[in-house]
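Visitor: compute the structure for the input listed below.
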Amino acid sequence: MAKFITALASVVLCVFVMYGGAVNSLPTPVAGLSWTFYSSSCPSLETIVWQRMGAYLSADITQAAGLLRLHFHDCFVQGCDGSVLLNATSGEQTAPPNLSLRAEALKIINDIKQNVEAACSGTVSCADIAALAARDSVVMAGGPFYPIPLGRRDSLSFANLSTVLANLPSPTFNVTGLINVLGPKGLNFTDLVALSGGHTIGRSNCSSFDNRLYNSTSGVQMRDSTMDQSFAKNLYLTCPTSTTVNTTKLDIRTPNVFDNKYYVDLLNRQTLFTSDQSLYTDTRTRDIVTNFAVNQTLFFEQFVLSMLKMGQLDVLRGSEGEIRKNCWASNPSTYSIMNPEASQESTSYSM
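Guide: Purely as a prediction, here's the structure:
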């Protein structure tokens with residue numbers, strides 16, 4: 001994997017130079033963001049992020065899934081503003097859906113931020129770094145490269161628990177539940193299926209899909225009829241009881257490669273979550289799943305468009321928010337006004 005990432009670096013760095021042609025075919029960024037936002041103020045930004053990401057992912061490619069998920073969880077809750085990065089006793093990280101966010105992903109973002117600060121102090125937001133790290137994770141895992149409009153600002157505080165719960169789709173949701181969350185954000189059924197393709201990498205706790213293996217009341221084995229029998233048999237080995245604490249891979253075919261095999265899993269009824277399998281059982285999304293399963297290029301093209309749309313949700317721009325010095329805490333001059341707790345730093349995130 002290390003050799004692959006090293007070879008890939010030269011290709012991607014060439015693409016950086018060719019941004020002009022690449023962005024012409026993409027939707028215009030929202031007002032306040034730009035494809036060249038840091039071209040003068042921090043021209044080495046993307047090289048710094050790429051190099052630090054290469055160091056981490058060449059050592060452990062599984063971190064790619066954690067960084068991609070971190071970006072998702074940031075953007076779905078009060079927009080792509082870095083609020084999930086704030087470390088506080090009642091911050092977003094303490095909400096149940098975020099308890100499984102990888103601690104290493106948070107450390108990687110903070111490490112990249114320190115390296116960027118050394119080159120361009122007080123210039124680049126943590127929200128932008130999280131977006132770039134997610135993109136580079138996709139690329140280094142074998143997925144498509146895509147330019148990212150930059151210029152996001154960091155939030156001054158975090159969302160409360162009810163806001164987090166209302167905006168992060170549950171793995172037990174069906175398509176109706178999923179679109180009820182994504183629809184108001186301007187995301188459609190195609191976006192839903194494409195963004196779900198992020199589950200082509202990563203792992204899940206048994207507790208996130210035990211509803212498909214056990215009766216929720218008695219705890220007795222009760223396989224979801226939409227799950228392949230042989231696939232379920234293997235899952236029972238990993239999760240032998242309804243209270244087992246264990247993890248398994250999201251994509252049984254190529255668990256650490258960003259490709260379209262997740263959709264092949266769906267066709268074969270070999271996915272973990274209700275929210276995944278319902279994409280194929282629901283007639284509103286089935287054809288999209290099938291098209292992505294047989295055409296990886298089509299999936300990659302749509303994934304890029306959907307990521308660009310999601311990555312610009314409710315962003316802070318201009319003089320809104322701030323540029324944090326440290327990603328885990330609001331700047332001292334602003335936190336006391338907005339939310340004192342949001343500025344509580346944790347030594348567990350220091351490098």
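
Visitor: quick one: contacts for Leu182?
Guide: Leu182 makes contacts with Pro169, Asn188, Asp191, Leu192, as judged by CB atoms under 8 Å, 6 or more residues apart in numbering. All C-beta atoms are positioned from the backbone trio N, CA, C, and that covers glycine.

Visitor: now these in JSON lines, with secondary structure, neighbour count and pLDDT?
Guide: Below are the contacts of Leu182 laid out as JSON lines (DSSP: H, G, I helix; E, B strand; the rest coil; neighbours: other CB atoms under 10 Å; pLDDT from 0 to 100):
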{"residue": "Pro169", "secondary structure": "coil", "neighbour count": "20", "pLDDT": "97"}
{"residue": "Asn188", "secondary structure": "coil", "neighbour count": "13", "pLDDT": "98"}
{"residue": "Asp191", "secondary structure": "helix", "neighbour count": "22", "pLDDT": "98"}
{"residue": "Leu192", "secondary structure": "helix", "neighbour count": "22", "pLDDT": "98"}
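
Visitor: how about those in CSV, adding distance to Ser40?
Guide: Listed next are these as CSV, based on distance: CB to CB, whole Å:
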residue, distance to Ser40
Pro169, 39
Asn188, 36
Asp191, 33
Leu192, 38
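
Visitor: pick out the most distant pair among the residues you listed.
Guide: Using CB to CB, the contacts of Leu182 span at most 14.5 Å, a distance reached by Pro169 and Asn188.

Visitor: please report phi then psi for the residue sitting furthest away from the middle of the chain.
Guide: Largest separation from the mean C-alpha position in the chain: Ser218, at 34.2 Å (CA atoms, centre = their mean). Taking degrees, to the nearest 10, you get phi -90, psi -20 for the backbone angles of Ser218.

Visitor: and for Phe258?
Guide: Torsion angles, degrees, to the nearest 10, at Phe258: phi -80, psi 100.

Visitor: that one and His199 touch, don't they?
Guide: No: Phe258 sits out of contact with His199 when judged by CB atoms under 8 Å, with a separation of 10.5 Å.

Visitor: looking at those two, which one has more neighbours?
Guide: Set side by side, Phe258 and His199 show more neighbours around Phe258, with 26 against 23, by other CB atoms under 10 Å.

Visitor: spatially nearest residue to the more buried one, not counting backbone neighbours?
Guide: With sequence-adjacent residues excluded and distances taken as CB to CB, 6 or more residues apart in numbering, Phe258 is closest to Gly143, at 3.3 Å.

Visitor: neighbours around the one you found, how many?
Guide: Neighbours around Gly143, by other CB under 10 Å: 26.

Visitor: list the contacts of it.
Guide: Taking CB under 8 Å, 6+ apart as the criterion, Gly143 is in contact with Phe258, Asp259, Phe300, Phe303.

Visitor: low pLDDT regions in this protein?
Guide: Residues of the chain that meet the criterion pLDDT under 70 lie in 1-22, 334-351.

Visitor: change it to 90
Guide: Scanning the chain for pLDDT under 90 picks out 1-25, 333-351.

Visitor: can you pull out the strands in it?
Guide: Taking DSSP state E as the criterion, the chain carries its strands at 203-205, 247-249.

Visitor: possible to save the ones you listed as JSON lines with mean neighbour count and distance to Lys107?
Guide: Output for the strands of the chain, formatted as JSON lines (neighbours: other CB atoms under 10 Å; distance: least, CB to CB, whole Å):
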{"stretch": "strand 203-205", "mean neighbour count": "18", "distance to Lys107": "18"}
{"stretch": "strand 247-249", "mean neighbour count": "16", "distance to Lys107": "19"}
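
Visitor: export the ones you listed to CSV and tack on distance to Leu235?
Guide: Below are the strands of the chain laid out as CSV (distance: least, CB to CB, whole Å):
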stretch, distance to Leu235
strand 203-205, 10
strand 247-249, 7
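
Visitor: which one, of these, ends up nearest to Pro332?
Guide: Among the strands of the chain, strand 203-205 comes nearest to Pro332, with 36.5 Å by CB to CB.

Visitor: please name the strands paired to the closest one in the sheet, noting orientation.
Guide: Here strand 203-205 has these sheet partners by DSSP bridges: strand 247-249 (antiparallel).

Visitor: distance of Asp265 from Phe300?
Guide: 17 Å (CB to CB, to the nearest Å).

Visitor: more crowded one of the two?
Guide: More neighbours surround Asp265 than the other of Asp265 and Phe300, with 25 against 21 (other CB under 10 Å).

Visitor: contacting residues for the more buried one?
Guide: Residues near Asp265 by CB under 8 Å, 6+ apart: Asp251, Ile252, Arg253, Thr271, Asp276.

Visitor: show me which pair in the residues you listed is furthest apart.
Guide: Maximum pairwise distance among the contacts of Asp265 (CB to CB): 13.8 Å, between Arg253 and Asp276.

Visitor: so for those two, which residue has more residues nearby?
Guide: Higher neighbour count among Arg253 and Asp276: Asp276, with 21 against 15, using other CB under 10 Å.

Visitor: verify the stated contact: that one with Gly198.
Guide: No: using CB under 8 Å, Asp276 is not in contact with Gly198, being 10.8 Å away.

Visitor: what's the burial count for the residue nearest to Met310 when sequence neighbours are not counted?
Guide: Nearest non-adjacent residue to Met310, counting by CB to CB, 6+ apart: Cys75, 5.3 Å away. By the criterion of other CB under 10 Å, Cys75 has 28 neighbours.

Visitor: which ones are touching Cys75?
Guide: Cys75 neighbours (CB under 8 Å, 6+ apart): Met310, Gly311, Leu313.
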